[in-house]
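Novice: need a structure here:
(2 chains)
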Amino acid sequence: MTPLRASVAGAIASIILILVVVELVRGRRLKERYALLWLATGLVLLILSVWREGLNTLAGWFGVTGYPPAVLFAVAILFIFLVLLHYSTVVSRLTDENVDLAQRIALLEEKLSRAPPPAD
Amino acid sequence: MSFIAVVPAWNEEGAIGRVVDEIKAYDAAATVVVVDDASIDGTVNVAEAHGATVLRLPFNVGIGGAVQTGFRYARDEGFEVAARLDGDGQHDASELGKLLGPIRAGTADLVIGSRFVDPGGSYRPPFARRTGIRLFARLVSVLGGQKVTDTTSGFVALSRSGIELFAVEYPHDYPEVEATLVALRSGLRLTQVQVDMRERQAGSSSITFVRSLYYIVKVTLALLVASLRRYPRLEAARR
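Specialist: Reported below is the predicted structural model:
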């Protein structure tokens, strides 16, 4: 059985996570598309914390008999992996775009240096 | 056919002037493009003083990204033949004729200056490096379906089809091995010619032990992934 305190702590932590993410989006410090995975993380953890029966059932499926809240950790880690993997793809894309821009600047500057000065 | 030499350079003020001069000595009409990968020394001034066109990257993008800048320039300016030589002077411009021959004759799209075509060649790298070079050559030969002896060489020549391919498909770090496979899988005709390479003129090689481990792992992964990708076949584009 899930101890009540574990559920309360889990619920508080997930609510804080959701509030922080919403505040960051509101202040335009985090873009919606990058906030979605974090919000999903917070919501799933909140649901599993509050819905004690659900957590116990889930723990049963995975054979976690001793301490059901361990499933909370597992789910949290899974979501963190997802977020990090997502960020790795974002960083890769930005790297490619960055190099492309640098190359364009080099090409444009060379072209500009060849152009005749504007007649005015 | 209009010829362009692409020379990537990063802090090579001690060597770049001679590299440009030697290319001009081989072909006075050649356009020499030095791609400056955000050097902090006088590379740009020296290259310009020796009559090169200089493309200045705003920050360091790595050797592959720098070389690709030169190929993009070659594509945009309509060059028909390109060669790549390193800015440290290890590639001997007087051997350019050997590399450009098959391109000018229309029998190849990518000519690699290889140190190992001729078993009697003078280049004898240390054991570890030789093993690495052989391993990659084997891997590229198997995955690309053509025997290649030196995939780590940066001394290459390209036809117009080759320029157009590498202007859009070129790996950003440690590019040579992967680029060879990309060329084969895109249907470019590859030829190798024997060349000698000189010792570095100045500076030191950037390959350390940890880096060479990273190099081996990264390149192997890139090769396996590249062999799972689809590349546009280029036969149709040929004249």
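
Novice: ok, residue B:65 touching residue A:99?
Specialist: Yes - here residue B:65 reaches residue A:99: they are 4.6 Å apart, a contact under CB atoms under 8 Å. (Glycine included, C-beta is placed from N, CA and C.)

Novice: who touches both of the two?
Specialist: residue B:172 (CB atoms under 8 Å, 6 or more residues apart in numbering or on different chains).

Novice: can you tell me the helix or strand for residue 103?
Specialist: Here I'm looking at chain A. helix A:70-114 (DSSP states H and E).

Novice: please go with chain B instead
Specialist: helix B:96-104.

Novice: Mind checking which of residue B:65 and residue A:99 has more residues around it?
Specialist: Neighbour comparison, residue B:65 and residue A:99: the larger count goes to residue B:65, with 26 against 20 (by other CB atoms under 10 Å in any protein chain shown).

Novice: Now do the helix or strand harbouring the more buried one: which elements does it pack against?
Specialist: Assigning secondary structure by DSSP H and E places residue B:65 in helix B:63-76. Of the remaining helices and strands, those touching helix B:63-76 by 3 or more CB pairs under 8 Å, 6 or more residues apart in numbering or on different chains; DSSP states H and E are helix A:70-114, strand B:3-9, strand B:31-36, strand B:53-56, strand B:81-84, helix B:160-168.

Novice: mean confidence score for that helix?
Specialist: For helix B:63-76, mean pLDDT rounds to 97.

Novice: which residues are contacting it?
Specialist: In this structure, residues lying in contact with helix B:63-76 by CB under 8 Å, 6+ apart are A:99, A:102-103, A:106-107, A:110, B:4, B:6-10, B:33, B:35-37, B:53, B:55, B:57, B:61, B:82, B:84, B:154, B:158, B:163-164, B:166-167, B:170-175, B:179.

Novice: Which positions in chain A make contact with chain B?
Specialist: Residues of chain A lying close to chain B (CB under 8 Å from any CB of the partner chain) are A:95, A:96, A:98, A:99, A:102, A:103, A:105, A:106, A:107, A:109, A:110.

Novice: Just give me the closest of these to residue B:188.
Specialist: When those are ranked by distance to residue B:188 (CB to CB), residue A:103 comes first, at 21.8 Å.

Novice: Give the burial count for that closest one, as a bare number.
Specialist: Residues near residue A:103, counting by other CB under 10 Å, number 24.

Novice: repeat for residue B:69
Specialist: Neighbour tally, residue B:69, other CB under 10 Å: 30.
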